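Q: no letters, just coordinates:
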């Protein structure tokens, strides 16, 4: 009787899963249709039925950023559901449709399916170039603001996409020189920029854009630091700590989690015994009896055991709390792709905006700290600290092998970056680096 009931439950579960699989095309199409209705609702309520764009309504930049973020998410959902619909339709055949009919599944009317697809195409057709436009905005070259003779000079913002392949042609020697010297042409261009009535407005706009980029980048860097640390402390205090204490309380005899901690405890206990004997010898007190020494040693052993028990529990907590921190860090990176793009542009603007001597100084400082002659001592301290943090014994063979390989690989990667990228972008900085390094 029990076997028959169990078999019926398994059959019911498999039948439900099979019905869910057969209904995948209809479910995907319905989700895409509902998402398209949300886009249409935003257009009707806020943009007078027109495309979600700054040209369709008068909103501030913050409000438009809010609508465009929602639009980007909704368009992504529609396209994912349509892809799922097409893929599931491709696997569907006549035999599966017959099987669906046997299970009581009725496919929707083809006319209704075509009507929904037509509506979805009408809604998203207006945004077919949305991703291209967004990427072109992200690829805008940051305006360069320089100060010369107490005057602010700004270069016009030029999108990378505006440079066509046909416009990039190899320069000939005859094209490298002009009728007038370049300094005169540069001066004329600067005067034109200063006499432009919109120059002040452009400078203020470029400054605000740069300020916004800086604020976003600094805030994102602080989030990358603060959120993992907070996650580590909260998980350790609220989730991991009580669980570890609960399971370790059931095994009171387990004090050490590795032999290295046990050796430290024995050495500390031995030093305590030698200390009390030494203090008794240099004082005028009568010699301690073996019972007194044994009593003091017993109390000290309890203190040492409790101390290393807490240290062992703390190491176990650190392992699981670090896992929570890594998950929080990866989650923050996944949901902050736009902030990562802004941060990359910010670092490019800061790093490549430094002088040649500053670039060379930073390069030498980085290489000497991580791959220089004295770097093995630093790596040894870091690895031993990590081992103690996680409650692992310090494996000297692994530490020496790591020191012998990782800094060499890091140095090779760094030299390749200098040769491949920095030498092309700022060759004078590379020359300064070699001169300073010699």
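A: Structure received. Treat the numbers as computed from the prediction; the structure is a model and nothing was measured.
Q: do you know how far residue 313 is from residue 269?
A: 20 Å (C-beta to C-beta, to the nearest Å). In this view, the C-beta of every residue, glycine as well, is placed from N, C-alpha and C.
Q: so what's the residue count around residue 297?
A: Residues lying near residue 297 (other C-beta atoms under 10 Å) number 15.
Q: of residue 313 and residue 269, who's got more company?
A: Ranked by neighbour count (other C-beta under 10 Å), residue 313 and residue 269 place residue 313 first, with 20 against 16.
Q: for the host helix or strand of the more buried one, name the packing helices and strands.
A: Assigned by DSSP states H and E, residue 313 belongs to helix 290-335. The contact analysis (3 or more C-beta pairs under 8 Å, 6 or more residues apart in numbering; DSSP states H and E) places helix 290-335 against helix 199-234, helix 241-249, helix 259-282, helix 375-389.
Q: and with 10 Å instead?
A: The contact analysis (3 or more C-beta pairs under 10 Å, 6 or more residues apart in numbering; DSSP states H and E) places helix 290-335 against helix 199-234, helix 241-249, helix 259-282, helix 337-351, helix 375-389.
Q: worst average pLDDT in the ones you listed?
A: Least confidently modelled of those is helix 241-249, at a mean of 81 by mean pLDDT.
Q: contacts for it, please.
A: With C-beta atoms under 10 Å, 6 or more residues apart in numbering as the test, helix 241-249 has contacts from 235-236, 254-255, 257, 309, 312-317, 319-321.
Q: list the buried ones in that helix?
A: Buried residues in helix 241-249, defined by neighbour count with 16 or more other C-beta atoms under 10 Å: 241, 244, 248.
Q: could the helices and strands packed on helix 290-335 go into CSV alongside distance to residue 27?
A: Shown next, in CSV, are those (distance: least, C-beta to C-beta, whole Å):
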stretch, distance to residue 27
helix 199-234, 35
helix 241-249, 39
helix 259-282, 56
helix 337-351, 28
helix 375-389, 47
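Q: and of these, who's closest to residue 417?
A: When these are compared by C-beta to C-beta, helix 337-351 sits nearest residue 417, at 11.7 Å.
Q: how far away from the center of its chain is the closest one?
A: Offset of helix 337-351 from its chain centre (C-alpha atoms, centre = their mean, to the nearest Å): 12 Å.
Q: what does stretch 351-371 give?
A: 24 Å.
Q: show me what counts as buried in that stretch.
A: By neighbour count on 16+ other C-beta under 10 Å, the buried set for stretch 351-371 is 356, 359-360, 363, 367, 371.
Q: can you list the domain ranges for this structure.
A: Domain assignment for the chain by automatic domain parsing gives 2-138, 219-338, 352-437.
Q: mean pLDDT lowest for which of the ones you listed?
A: For these, mean pLDDT drops lowest on domain 2-138, to a mean of 73.
Q: for residue 76, which of the helices and strands packed on helix 290-335 is the nearest?
A: helix 337-351 (11.5 Å).
Q: by contact count, what packs against that closest one?
A: helix 61-91, helix 130-138, helix 199-234, helix 290-335, helix 356-370.
Q: dump those to TSV, plus distance to residue 26.
A: Formatted as TSV, these follow (distance: least, C-beta to C-beta, whole Å):
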stretch	distance to residue 26
helix 61-91	9
helix 130-138	27
helix 199-234	40
helix 290-335	30
helix 356-370	57
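Q: ok so, going back, just the buried residues of stretch 351-371 now: which is nearest residue 433?
A: The closest of the buried residues of stretch 351-371 to residue 433 turns out to be residue 360 (C-beta to C-beta; 4.0 Å).
Q: shouldn't the closest one be in contact with residue 434?
A: Yes - using C-beta atoms under 10 Å, residue 360 is in contact with residue 434, at 8.5 Å.
Q: who does the helix or strand hosting residue 423 touch, helix- and strand-wise?
A: Residue 423 belongs to helix 423-425 when assigned by DSSP H and E. Contact analysis of helix 423-425 by 3+ C-beta pairs under 10 Å, 6+ apart lists helix 427-437 as its packing neighbours.
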